[in-house]
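K.L.:
Quick one: sequence plus predicted model below, questions after.
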Amino acid sequence: MIGWMALAAAIAGQTAQAEHQMPPATQEAVSAVPVASVSGNVVRHPVEKVRVRVPEKAVYAGAERFNLYGVADAEIHVFVEADAAKKMQRLYWVQFESYLPDNDHRYNYADGNTRFDLWGGTPTWLVWGPRLTSAPYRAGGDRESVMRILSRAGFTVPPEVLNVRMVQMLDDPEGTGHGRRELMIIYSEDLAPTGKTVAELAVDGKVNDAFKPLEKPLIDRATTSVSVERF
């Protein structure tokens with residue numbers, strides 16, 4: 001999440017609290033082997049005791065696990081719904097991320113995000129909005145990883161999309177929005193079917209009134225197309 005958060009939050013008119021200052025890189029090793037397993041349309045993490053379910057028609061594109069900027073262990077799983085030419089129509093990005101034990105950093109989703117109680121009433125922190133898929137991203141980050149997974153699987157992405165980022169803290173039983181371990185799910189869909197463009201929906205990185213009719217339906221699609229279960 002660290003690498004993607006600033007861009008997504010800026011476009012949605014929010015503040016990226018978890019990336020306010022990037023700490024120095026460390027040498028902590030992270031295994032490249034994913035911990036979570038995938039069966040059909042379900043990602044199951046045996047350590048975090050979490051299952052993430054995406055639509056059955058979504059195709060699994062692949063996974064990566066890596067040391068994120070030297071400060072966090074990140075594991076990403078990507079599912080795609082695409083047309084016959086393998087152009088993405090909808091994307092489901094599932095990410096488990098935790099700060100490494102050699103630092104004391106904490107995520108803060110209480111600021112700059114909207115709380116929804118989802119999937120059994122679990123506090124979930126949302127941010128949403130339109131974005132350009134061609135926008136630059138920091139090398140070595142999570143967005144670069146997702147684009148690499150899609151490229152390997154032969155998928156292409158539309159130039160403009162609508163995104164909803166949904167985050168649950170995995171070590172925050174009181175629902176404060178703070179913690180060191182998170183589950184992030186990003187729902188993304190092609191903007192073209194709306195007949196709108198990013199330029200029409202956002203000005204200087206902030207959504208405008210033209211986005212309002214799209215907002216609730218977008219959130220509803222995102223929050224009903226995926227689900228999270230504890231076991």
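P.N.:
On my side now, so go ahead. Small disclaimer: the values here were computed from a predicted structure and weren't measured.

K.L.:
Please make it C-alpha for all contacts and neighbour counts, starting now.
P.N.:
Noted.

K.L.:
what residue lies at the spatial centre of this protein?
P.N.:
Ile186 (3.3 Å; CA atoms, centre = their mean).

K.L.:
Make sure it is actually in contact with Val164.
P.N.:
Yes: under the criterion of CA atoms under 8 Å, Ile186 makes contact with Val164 at 5.7 Å.

K.L.:
Doesn't Leu91 belong to a helix?
P.N.:
No: checked against DSSP: H, G, I helix; E, B strand; the rest coil, Leu91 lies outside a helix; its state is strand.

K.L.:
returning to that earlier point: is the residue nearest to the centre of the chain bridged to anything, and to what?
P.N.:
Ile186 forms beta bridges with Trp93, Arg165, as assigned by DSSP bridges.

K.L.:
Lowest mean pLDDT among the helices and strands of this structure, which one is it?
P.N.:
Among the helices and strands of the chain, helix 2-11 carries the lowest confidence by mean pLDDT, DSSP states H and E, at a mean of 45.

K.L.:
just checking, what's the longest helix in this structure?
P.N.:
helix 212-225 (DSSP state H).

K.L.:
Off-centre distance for whichever helix or strand comes after it?
P.N.:
Scanning forward in sequence from helix 212-225 by DSSP states H and E, the next helix or strand is strand 227-230. Distance, stretch centre to chain centre, for strand 227-230: 16 Å (CA atoms, centre = their mean, to the nearest Å).

K.L.:
Check the gap between the residue nearest to Ser134 when sequence neighbours are not counted and Leu191 for me.
P.N.:
The shortest distance from Ser134 to any non-neighbouring residue, by CA to CA, 6 or more residues apart in numbering, is to Pro159 (6.5 Å). Distance of Pro159 to Leu191, given as CA to CA, to the nearest Å: 8 Å.

K.L.:
element containing the nearest residue to Ala153 once chain neighbours are set aside?
P.N.:
Of all residues not flanking Ala153 in the chain, Ala61 sits nearest, at 5.7 Å (CA to CA, 6+ apart). Per DSSP H and E: Ala61 is located in strand 59-68.

K.L.:
Show me the contact partners of that strand.
P.N.:
2, 28-34, 40-41, 73-81, 140-142, 145, 149-150, 153 (CA atoms under 8 Å, 6 or more residues apart in numbering).

K.L.:
any idea how far Arg165 lies from Gly112?
P.N.:
12 Å.

K.L.:
Neighbour count: the two, which is higher?
P.N.:
Arg165 (24 against 18; other CA atoms under 10 Å).

K.L.:
Can you check the pLDDT for the more buried one?
P.N.:
Arg165 carries a pLDDT value of 98.

K.L.:
list the contacts for it?
P.N.:
Trp125, Leu126, Val127, Trp128, Met184, Ile185, Ile186, Tyr187.
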